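Chemist: Give the three-dimensional model of this entry:
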Amino acid sequence: MRDITEKQKEVRDIIIDVARNIFAHFGFRKTTMDEIARATHKGKSSIYHYFNSKVDIFQAVVEKESKLLKEEISKAVCRIDDPQNELRVYVITRMRILKRLGNFYSALKDEYFEHYSFIEKMREKYFREETKLVKDILNRGVKKGIFIVEDFELTAFSMITALKGFEYLWATENDVSKTDKSIDCLLSILFKGIVRA
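Modeler: Numbers count the residues shown, from 1 in each chain. Coordinates of the predicted model:
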């Protein structure tokens, strides 16, 4: 992106925030540039001054939501000293934020986006970052004598894959206590394989 002034950045951020709500409500396919222009009280040509296409706007929205997800998970996890509790807080925070960040969640799971290379790159980057985070927690648990982990990469991969299997169920569940209970159940199953007796 070319260098822009503070005012232009402000306008660009407004477009992203407004578009984020529209995409979350109507979905990527049904949202039009006309709707985004109307909602921002700008002409369509003004929108095109900042973004080349609806795809460009969606990319900016998804990048913003991805950043928010990482920041909130990092903030929640860094306050915890116990690796077992750290994993629980990570899983709960991840699911609650994913539920709120509908566009990012949609980009992660919707096959419609398979032909968009930026989505594929974002998915790969997110998976690498998530794997590293889980591996770091596991490593701290091993150093403290809490976990027994032979293969950090495989264990982190297995845990993230298990989480992904529950994503849709948790994202559509309105009762938070049910989600928390199923998260505790999953972690209990995982911990019985890695926690020292």
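Chemist: Going by C-alpha atoms from here, please, whenever you check contacts or count neighbours.
Modeler: Noted.
Chemist: residues of the lengthiest helix in the chain that come out buried?
Modeler: Using DSSP state H, we find that the single longest helix of the chain is helix 117-143. Judged by neighbour count using 16 or more other Cα atoms under 10 Å, the buried positions of helix 117-143 are 119, 122-123, 130-135, 137-142.
Chemist: quick one: contacts of the next helix or strand after that helix?
Modeler: Downstream of helix 117-143, the first helix or strand assigned by DSSP states H and E is helix 152-172. The contact list for helix 152-172 (Cα atoms under 8 Å, 6 or more residues apart in numbering) reads 91, 95-96, 98-99, 130-131, 134-135, 138-139, 149, 179, 190.
Chemist: quick one: average pLDDT of helix 152-172?
Modeler: Average pLDDT, helix 152-172: 83.
Chemist: Which strands or helices does the helix or strand of the chain with the lowest mean pLDDT pack on?
Modeler: Within the chain, no helix or strand scores below helix 176-194, which has a mean of 76 by mean pLDDT, DSSP states H and E. Here helix 176-194 touches helix 83-100, going by 3 or more Cα pairs under 8 Å, 6 or more residues apart in numbering; DSSP states H and E.
Chemist: Tell me the helix or strand right after the helix it packs on.
Modeler: helix 102-109.
Chemist: Just the angle for that following helix relative to helix 83-100, thanks.
Modeler: Put simply, helix 102-109 runs at 110 degrees to helix 83-100, going by axes from the mean of the first three to the mean of the last three Cα atoms, to 10 degrees.
Chemist: State the mean pLDDT of helix 102-109.
Modeler: Per-residue scores along helix 102-109 average to 82.
Chemist: now that helix, how far from the chain's geometric center?
Modeler: In terms of Cα atoms, centre = their mean, to the nearest Å, the centre of helix 102-109 is found 8 Å from the chain centre.
Chemist: Can you give me the buried ones in that helix?
Modeler: Using 16+ other Cα under 10 Å as the test for burial, helix 102-109 gives G102, N103, F104, Y105, S106, A107, L108.
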